[in-house]
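Peer 1: This is a predicted model, with the sequence first.
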Amino acid sequence: MKKYIDSINSAINSVLAYKLRSTLTMLGIIIGISAVILITSIGDGVYRSIYAEMNEFNMSSIMAMARNMQPTIDIEDVSAISNLPNILGVSTVSEIHNLYFPLRGGSEAHRDTLIGLDHNYTMIENISMLYGRFFSEQDFINASYVTVITSTTSLDVFGTINSVGMNLDIEGRFGRFSPLVIGIIDFDEDSLSAFGTPFGQSFATMPATTVANRAGREGIFHQIQIILENPTLSMATSDQIARLLNLRHDTEDAFMIMSLTTVVDGIDAVLMAITAFITFVAGISLFVGGVGVMNIMMVTVTERTKEIGIKKSLGATGTLIRLQFVAESIIITVSGGIIGIIFGLLAAHFVANIITSISPLSINMVIAQGPIVISVLVSIFIGVIFGVVPAGKAANLDPVESLRYE
């Protein structure tokens, strides 16, 4: 046992005796392991952040719209879908683009979109009002000229956050109209989820029927959002809705049905693909690093040929010689793996802070134990695999020829 311990101690001393060479040999391992830790940590953090933002929406909702804006979805379609099983409610959406909203002072006008919603939209998104109220069913039925806006819109137009009771001027190709502001919603424009809501995509909202009528499309909507009683039946219900709409309009595959679950799955697939690609690149770096370790160990064997001959002449067996050089290889690769893990975690923390500071995402670095354990095991594996050949060469040296080597 003492002979084996002495061989390992000799390996440690040999690595420490050539610090610069050992460090340079580790570089490939360090870069590869750091890349794996960085990507997995940031990837998990991004996914969790996106998923948390998406969960602010009602994950049991699906969206239906015509693939090419034709045929249109009308009020009769809404009524028919409402009678399908597993349907809790249907919310309609209308849009008018390229409208002008005069800002305070009258010196300029903001060009943006007007989106029409209905009272059922509160079943899809948790609407919190700062002032006033949201659209009622009566507003939808009567196509009332009322509007709900964000505090930012209110401040830009009226110079105050609370503009309930004032009229919002709107101009465009359908003339000029001035709906009454009935509510100011509590809306975080900096959140990722804001980009997927009507309030993040438009300057103002009105009842969907009002917007449709104003655009000359009475009873016709751009899309509808359906709230399901049982989200686990989302796929089957989506198929039913698609068949119903195609049957009513005598078409085939003319309507697109989407769910937030599908969007999240798509994001997950993209992140997994990116992670897999970069992990593959990091794997190439690890392989190159392993080849570098083997090359350096081969040079080391050549440099220490006489030393090996002396050890063999003093009774060292081929097993002990082999153990020493494999141990040196493992020490170098494991040390590189540990340093790579530390650098990877530090880099992940740094990158997470940068992403958080410049984007709507709030990224928390995720320290996944799996990649760390795998990194250590891979380091050991590389050390063993790429250390075997040099170690075998050293163990097979003839002691007499080794003592003569200059």
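Peer 2: Looks like it arrived, so ask away.
Peer 1: where exactly do the strands run in the chain?
Peer 2: For the chain, strands defined by DSSP state E occupy the ranges 61-66, 73-74, 87-102, 109-117, 129-132, 146-150, 170-172, 175-177, 180-185, 204-207, 220-221, 223-228, 255-259.
Peer 1: what's near enough to touch residue 157?
Peer 2: The neighbours of residue 157, taking CB atoms under 8 Å, 6 or more residues apart in numbering as the test, are 101-104, 149, 163, 168-169. Every C-beta, even on glycine, is put in place using the N, C-alpha and C of the backbone.
Peer 1: Measure how the lengthiest helix in the chain sits relative to strand 255-259, angle-wise.
Peer 2: In the chain, taking DSSP state H as the definition, the longest helix is helix 260-303. Per axes from the mean of the first three to the mean of the last three CA atoms, to 10 degrees, the angle that helix 260-303 makes with strand 255-259 is 60 degrees.
Peer 1: Packing partners of helix 260-303?
Peer 2: helix 19-54, helix 318-358, helix 369-395 (3 or more CB pairs under 8 Å, 6 or more residues apart in numbering; DSSP states H and E).
Peer 1: centre of the chain versus the second one, how much separation?
Peer 2: Just to be clear, that refers to helix 318-358. A distance of 26 Å separates the centroid of the chain from that of helix 318-358, by CA atoms, centre = their mean, to the nearest Å.
Peer 1: coming back round to it: could I get the contacts of residue 157 as TSV with pLDDT and distance to residue 68?
Peer 2: Output for those, formatted as TSV (pLDDT from 0 to 100; distance: CB to CB, whole Å):
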residue	pLDDT	distance to residue 68
101	88	29
102	85	34
103	81	35
104	77	40
149	92	31
163	92	38
168	92	32
169	91	34
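Peer 1: So for residue 208, which of the helices and strands packed on helix 260-303 sits nearest?
Peer 2: With CB to CB as the criterion, residue 208 lies closest to helix 19-54 of these, at 23.7 Å.
Peer 1: Which strands or helices does the closest one pack on?
Peer 2: Using 3+ CB pairs under 8 Å, 6+ apart, helix 19-54 is in contact with helix 260-303, helix 318-358, helix 369-395.
Peer 1: Let's see that with 10 Å instead.
Peer 2: Contacts defined by 3 or more CB pairs under 10 Å, 6 or more residues apart in numbering; DSSP states H and E place helix 19-54 against helix 2-17, helix 260-303, helix 318-358, helix 369-395.
Peer 1: looking at the ones you listed, which is closest to residue 25?
Peer 2: Of the helices and strands packed on helix 19-54, nearest to residue 25 by CB to CB is helix 260-303, at 4.7 Å.
Peer 1: Hmm, residue 88 and residue 225 touching each other?
Peer 2: No. With contacts counted by CB atoms under 10 Å, residue 225 stays clear of residue 88, the gap being 11.3 Å.
Peer 1: and residue 119, what pLDDT?
Peer 2: The model reports residue 119 with a pLDDT of 90.
Peer 1: actually residue 106, sorry about that
Peer 2: So residue 106 comes in at 63 (pLDDT).
Peer 1: Export stretch 83-100 to PDB, keeping only CA atoms.
Peer 2: What follows is stretch 83-100, C-alpha atoms only, in PDB (Å, rounded to 0.1, in the frame of the first residue of the first chain):
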ATOM      1  CA  ASN A  83     -71.400  25.800 -26.700                       C
ATOM      2  CA  LEU A  84     -68.600  23.300 -27.100                       C
ATOM      3  CA  PRO A  85     -67.600  21.100 -24.100                       C
ATOM      4  CA  ASN A  86     -64.700  22.200 -21.900                       C
ATOM      5  CA  ILE A  87     -65.300  25.900 -22.800                       C
ATOM      6  CA  LEU A  88     -65.400  28.200 -19.800                       C
ATOM      7  CA  GLY A  89     -65.500  31.500 -21.800                       C
ATOM      8  CA  VAL A  90     -64.600  33.200 -25.000                       C
ATOM      9  CA  SER A  91     -62.900  36.600 -25.300                       C
ATOM     10  CA  THR A  92     -62.900  38.600 -28.600                       C
ATOM     11  CA  VAL A  93     -60.100  40.800 -29.900                       C
ATOM     12  CA  SER A  94     -60.200  43.400 -32.600                       C
ATOM     13  CA  GLU A  95     -57.500  45.800 -33.900                       C
ATOM     14  CA  ILE A  96     -57.000  49.000 -35.800                       C
ATOM     15  CA  HIS A  97     -53.400  49.900 -36.700                       C
ATOM     16  CA  ASN A  98     -51.800  53.200 -37.600                       C
ATOM     17  CA  LEU A  99     -54.000  55.500 -35.600                       C
ATOM     18  CA  TYR A 100     -52.900  58.800 -34.100                       C
END
